[in-house]
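[1] Make a model of this:
(chains A and B, ligands or ions: 1)
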Amino acid sequence: MAEIVALLSAGCHPETGRLRPAAGDAAALALGLALCASGHRLIGLHAGPADDALRVYAGFAAFDLVRLDLPAEADALPAILPWLAERHPALVLAGARAEQGAGTGLLPYALAQAMGAACIPEVAGVEELAERVTLVQALPGGRRRRLAAPAPAVLVAAARAAPPSGWAYARALRARTVPVTVQEPAATPAWRSEPARPLARPVRRIRGGAAARMAAATSFTAGKGQLLVQPPPDEAARVILAYLEAEGLLRS
Amino acid sequence: MSARPRRDPHAERARATRVGPAGRARRILGDVAPAAPVRPRRDPHALRTAAVPGPAGRMRLDPHGGELLAHMPSLAAPGAEQPIVVERPACLILAVLDLPGGRLEGSDLGLLAAARDLADRLEGAVLALTLHGRPDLGRLGVDRHIALDLPDRWDPAAALSVLGTVLADHAPAHILFAETPLLGADVARRLAAATGLPAAFAVHRLEPDEIRARGAGLDLVGPPPPIMTLHEVLLADRPEPVLREARPVAVAVRPDAGLIEDLGEVPVDLTGAPLAEADLIVSAGDGVTDWPAFHALAARLNATVGGSRQVCDRGLLPRDRQVGASGTLVAPRAYLAFGISGAPQHLQGIERCQRVVAVNTDLHAKMIERADLAIVADAQAVMPALQTLLEQRRHG
Ligand SMILES: Cc1cc2nc3c(=O)[nH]c(=O)nc-3n(C[C@H](O)[C@H](O)[C@H](O)COP(=O)(O)OP(=O)(O)OC[C@H]3O[C@@H](n4cnc5c(N)ncnc54)[C@H](O)[C@@H]3O)c2cc1C
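    Below you'll find the predicted structure:
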């Protein structure tokens, strides 16, 4: 049976700042645990200085844990790549964004590029894993799409996917990790980082001076469409359908 | 200019005043010759009726008797508006539009507005790339337009190979995407990984010398990199509707066989999907009494079911179906409201809906006022009619 690696990063609670399983990575772990149930082997991989970050995930289920020993600020990709090249996993599972640091969501793509594998975002479930992997992708609006790609592949769990159910403190405490010493990558010139402040509401800028601003502020901006008064029901139905069709919302 | 002479009451009074026998000033009434007009009177209404539409469609007054028109040829002939042409831009800003389903969405317009803004400040030009359609971008701030009709399958490899060609041909200074899942956000990261170019994601402040990108609990600050995706807060803006050239630019595409195979959409029942995610919602209010017809219609349209607080309070729909201030704030592409009066709390919930269709017996209901398509009719008659029509379409 194939080997699956789930990339697990240190999560951070947005309000308290405490360590927790990162939401995206927990969703990726849920995909991995579902495959585990059908006989595949799951390894949780973390690149970082502390075991605790990895152990919080072990509370969900018992699986193998490997930690690549790296300082917290170091780029994880150069450390993960050689390790993966040695193991040849059939699947690499990742979350959409880290909860600490830059959180760009670029790592799975860069990993797939370096491995020559396909990278598939928004994965809601894996249906089959053999030579090829068949999976279901979550589309906006709750729709789903089926995709297939050759293994190995890098899958990014859907942002809204659920974490595994059930978390046990005792299981998290008992978990043993395998530390691996890796060469520390050279520091790359980084961006200046500043604490994030709340963003302003999205606004539409009113161009054209004070008169335009006044007009925009005082005019009634609600629906400015069609009005049918007491049409026959068939006519009303036809108009509604034509409207939905123009919007591309008729699916049946 | 009117010929009516202007009266000067002060001069009239001075002329009518004589010194009386007691040495006091006496006013002589009547029979005083009118003074010569001081200056001709101007008719403000005549000025207003002579206003001409300007380039942005606004009416422009011309108080200088045609002088202004002589200096601004674009004002003199409002019919023949000339597009703005940027012949030698200092740089190119490439905007890669999503165009989901071949339609321009709000995020596309916001992206074009941001690209235009950046191009103006760098004295560059906006090059728009649309992969699945050829919308008219002339009034959306676009100088050059590459339009392709790639097949509708999800094929990130094809998008990437097109982008590679465009980058090689045009060498844009910046490539902008919208941070939209599976669309801009996905392609931008693929491009960054494939080319190794510096990139910033979820940029929420875009200046020519400094940008801010949202990270996990921090902001990354630095000069604008070649690849950027724009955060939602920058996408609410709309480009100025000035006519620009949008010159079509050809590109030779070599279709690349990607690793990912699209096996098509999986049919899923969306009637119970989370309201916040839904892109088509049928919603019921107190005016709905025929519930079997309502649910049958939702199932036929495969639309997500919603309701007003009234129906949820009465247990006619589960609580998680409530739309509004104390329910879910929804943002579907279309919202069908049957028998909902449109209370302020409900309207708050549908503030971000793109299209609202309302069916209500009351012409004066707030929902009818809010709707883009308003139908004053009995919901119990319209719902079965819609159902019948949908069945006919399916079979015939
Ligand atoms: C603090 C607070 C929070 C609230 N939060 C919410 C909220 O989150 N969401 C929410 O929805 N409400 C909320 N409400 C309640 C809100 O004020 C309204 O009471 C509610 O939205 C009304 O629901 P309705 O439109 O279904 O019913 P009604 O106001 O009774 O309207 C029924 C409408 O159906 C029409 N009608 C009747 N018969 C027919 C027919 N045969 N065919 C077609 N139309 C017909 C009528 O003309 C009428 O316009 C809140 C209220 C408060 C005080």
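[2] Touching, residue B:84 and residue B:246? I think so.
    No - applying Cβ atoms under 8 Å as the test, residue B:84 and residue B:246 come out as separate, 10.4 Å apart. Heads up, the C-betas are built off the backbone N, CA and C, glycines and all.
[3] more crowded one of those two?
    residue B:246 (21 against 12; other Cβ atoms under 10 Å in any protein chain shown).
[4] measure that one to the ligand for me?
    43 Å (Cβ to the nearest ligand atom, to the nearest Å).
[5] quick one: contacts for that residue?
    For residue B:246, the contact set (Cβ atoms under 8 Å, 6 or more residues apart in numbering or on different chains) comprises B:83, B:128, B:136-138, B:140, B:142-145.
[6] Check residue B:239 too.
    B:109, B:112-113, B:116, B:139-141.
[7] With residue B:318 instead?
    With Cβ under 8 Å, 6+ apart, residue B:318 has these contacts: residue B:312.
[8] With residue A:55 instead?
    Residue A:55 is in contact with A:65, A:172-173, A:175, A:177, counting by Cβ under 8 Å, 6+ apart.
[9] of those, closest to residue B:11?
    residue A:172 (99.7 Å; Cβ to Cβ).
[10] Distance from the particular helix or strand that has the closest one in it to the middle of the chain?
    Under DSSP states H and E, the secondary-structure element containing residue A:172 is helix A:169-174. Mean-position distance between helix A:169-174 and its chain equals 26 Å (Cα atoms, centre = their mean, to the nearest Å).
[11] Ok, stretch B:120-130 next?
    With Cα atoms, centre = their mean, you get 19 Å for stretch B:120-130.
[12] what's in contact with it?
    Identification of contacts with stretch B:120-130 by Cβ under 8 Å, 6+ apart yields B:86, B:89-97, B:99, B:112, B:115-116, B:118-119, B:137, B:140-148, B:162-163, B:166, B:170, B:172-173, B:207-208, B:246, B:249.
[13] That stretch: which residues count as buried?
    Burial within stretch B:120-130, assessed by neighbour count using 16 or more other Cβ atoms under 10 Å in any protein chain shown, is assigned to B:120, B:122, B:124-130.
[14] cool, and stretch A:171-184?
    Buried residues in stretch A:171-184 (16+ other Cβ under 10 Å): A:172, A:175, A:177, A:182.
[15] elements contacting the helix or strand hosting residue A:84?
    Using DSSP H and E, the element containing residue A:84 is helix A:77-87. Contacts defined by 3 or more Cβ pairs under 8 Å, 6 or more residues apart in numbering or on different chains; DSSP states H and E place helix A:77-87 against strand A:3-7, strand A:41-48, strand A:64-69, helix A:107-115.
[16] What residues sit buried inside that helix?
    Under 16+ other Cβ under 10 Å, the buried positions of helix A:77-87 are A:78-80, A:83-84.
[17] How about stretch B:247-259?
    B:249, B:258-259.
[18] The contacts of stretch B:120-130 in helices, which ones?
    B:112, B:115-116, B:118-119, B:162-163, B:166, B:170 (DSSP state H).
[19] For the ligand, tell me whether stretch B:311-326 is touching it.
    Yes - for stretch B:311-326, a contact with the ligand is found by Cβ under 6 Å from any ligand atom, at B:311, B:322-326.
[20] which two in those are spaced the farthest apart?
    B:311 and B:325 (15.7 Å).
[21] Which element, helix or strand, includes residue A:32?
    helix A:23-37.
[22] still on that earlier bit, of the residues of stretch B:311-326 next to the ligand, which is the most crowded?
    Within the residues of stretch B:311-326 next to the ligand, neighbour counts (other Cβ under 10 Å) peak at residue B:323, which reaches 30 neighbours.
[23] Please, which helix or strand holds residue B:292?
    Residue B:292 is part of helix B:291-301, with elements assigned from DSSP H and E.
[24] now check stretch B:163-181, is it near chain A?
    Yes - residues of stretch B:163-181 contacting chain A under Cβ under 8 Å from any Cβ of the partner chain: residue B:181.
[25] got the buried residues for that stretch?
    B:163, B:166-167, B:170, B:172-181.
[26] which residues touch the nearest residue to residue B:116 once chain neighbours are set aside?
    Spatial nearest neighbour of residue B:116, excluding adjacent residues (Cβ to Cβ, 6 or more residues apart in numbering or on different chains): residue B:141 at 3.5 Å. By Cβ under 8 Å, 6+ apart, residue B:141 lies in contact with B:112-113, B:115-116, B:126, B:239-240, B:242, B:244.
[27] Mind telling me the two of those residues farthest from one another?
    B:115 and B:242 (14.2 Å).
[28] So for those two, which sits in the more crowded spot?
    Taking neighbours as other Cβ under 10 Å, residue B:115 and residue B:242 compare with residue B:115 leading, 30 against 16.
[29] okay, now the closest residue to that one other than its chain neighbours: neighbour count?
    Nearest in space to residue B:115, with sequence neighbours left out and distances taken as Cβ to Cβ, 6+ apart, is residue B:95 at 4.0 Å. Applying other Cβ under 10 Å, we find 31 residues neighbouring residue B:95.
[30] ok, residue B:95 - contacts?
    Neighbouring residues of residue B:95 by Cβ under 8 Å, 6+ apart: B:111-112, B:115, B:126-129, B:142, B:176.
[31] residue ranges with poor pLDDT in chain B?
    Along chain B, segments meeting pLDDT under 70 span B:1-3, B:29-41, B:47, B:52-57, B:62-80.
[32] And stretch B:88-101, end to end?
    Start to finish, the residues bounding stretch B:88-101 are 34 Å apart (Cα to Cα, to the nearest Å).
[33] With stretch A:226-241 instead?
    Counting by Cα to Cα, you get 14 Å between the two ends of stretch A:226-241.
[34] Buried ones in that stretch, by neighbour count?
    Taking 16+ other Cβ under 10 Å as the criterion, stretch A:226-241 shows A:228, A:233, A:236-237, A:239-241 as buried.
[35] who touches residue A:137 in this structure?
    Contacts for residue A:137 (Cβ under 8 Å, 6+ apart) come out as A:120-124, A:144-147, A:158, B:154, B:182.
[36] likewise residue A:68?
    For residue A:68, the contact set (Cβ under 8 Å, 6+ apart) comprises A:45-48, A:76, A:79-80, A:83, A:180, A:182.
[37] Pull the number of nearby residues for residue B:222.
    Neighbourhood size, residue B:222 [other Cβ under 10 Å]: 17.
[38] separation between it and chain A?
    When distance is defined by Cβ to the nearest Cβ, to the nearest Å, residue B:222 is 5 Å away from chain A.
[39] In space, what's closest to that residue - neighbours in sequence excluded?
    residue A:191 (4.5 Å).
[40] Test my guess that the one you found contacts residue B:198.
    No - here residue A:191 does not reach residue B:198: they are 9.3 Å apart, not a contact under Cβ under 8 Å.
[41] of those two, who's got more company?
    Neighbour count, other Cβ under 10 Å: between residue A:191 and residue B:198, residue A:191 has more, with 19 against 15.
[42] per-residue confidence for that one?
    Per-residue confidence (pLDDT) for residue A:191: 83.
[43] What are the neighbouring residues in contact with residue B:262?
    Contacts of residue B:262 (Cβ under 8 Å, 6+ apart): A:145, A:147, B:153-155.
[44] circling back to that earlier point, closest one to residue B:350 out of the buried residues of stretch A:171-184, please.
    So of the buried residues of stretch A:171-184, ranked by how close each gets to residue B:350 (Cβ to Cβ), first place is residue A:172, at 43.4 Å.
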